[in-house]
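[1] Turn this into a structure:
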Amino acid sequence: MKTWSLRFATVMEPTEANGPTFDTRIGSNHGNVVEWEGRYAPRQRSGVVRVLAFANREDAGTFREAILPDGTTDLAATRRNGTLKYGFGVNMEQSLTPDIGVFGRYGWSDGKTESWAFTQIDAR
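    Numbers count the residues shown, from 1 in each chain. All right, here's what the predicted structure looks like:
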């Protein structure tokens with residue numbers, strides 16, 4: 001059994017947040033992700049740990065710039081091609097019996113930039 005894997009991908013981002021159409025301007029808007037996976041089997045019970053990091057360039061807005069003088073917000077007005085959103089995630093899975101297992105997941109992102117694909121995560 002191989003005990004680890006390393007994966008890397010560069011992918012297209014959607015033209016709108018969580019939208020179905022992909023942005024073809026991949027020079028300025030794209031996502032990069034790297035994932036390391038380690039597999040183990042204590043007492044013949046399989047387990048895995050995954051660590052991933054991402055850096056996305058997208059047509060997204062920034063929260064700080066979205067605050068207007070009157071206290072309202074306009075996130076759409078802050079959207080710029082190539083805005084950076086970055087973060088990481090950790091995932092663990094462990095088999096306890098043939099039918100029962102446990103898992104845990106933790107994710108963090110910069111919290112400054114609009115989430116463009118998937119869901120929002122932040123440490124705050």
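[2] got a list of what the spatially closest residue to residue 45 that is not a sequence neighbour touches?
    Nearest non-adjacent residue to residue 45, counting by CB to CB, 6 or more residues apart in numbering: residue 95, 4.4 Å away. C-beta here means a position set from N, CA and C on the backbone, and glycine is covered the same way. Counting by CB atoms under 8 Å, 6 or more residues apart in numbering, residue 95 makes contact with 45-47, 101.
[3] Please convert the buried members of the residues you listed into PyMOL selection syntax.
    This is how PyMOL selects the buried members of the contacts of residue 95, with burial counted by 16 or more other CB atoms under 10 Å:
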select buried, resi 47
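[4] of all the contacts of residue 95, which comes closest to residue 2?
    For the contacts of residue 95, the minimum distance to residue 2 (CB to CB) is 12.7 Å, reached by residue 46.
[5] what element comes up after the lowest-mean-pLDDT helix or strand in the chain heading to the C-terminus?
    Lowest by mean pLDDT, DSSP states H and E among the helices and strands of the chain is helix 63-66, with a mean of 91. Using DSSP states H and E, the helix or strand that follows helix 63-66 in sequence is strand 80-95.
[6] can you count the residues close to residue 56?
    Residue 56 has 23 neighbouring residues, counting by other CB atoms under 10 Å.
[7] helices or strands up against the helix or strand harbouring it?
    Using DSSP H and E, residue 56 maps to strand 47-60. Packing contacts for strand 47-60, counted by 3 or more CB pairs under 8 Å, 6 or more residues apart in numbering; DSSP states H and E, involve strand 30-40, strand 80-95.
[8] now with 10 Å?
    Packing contacts for strand 47-60, counted by 3 or more CB pairs under 10 Å, 6 or more residues apart in numbering; DSSP states H and E, involve strand 4-12, strand 30-40, strand 80-95, strand 101-109.
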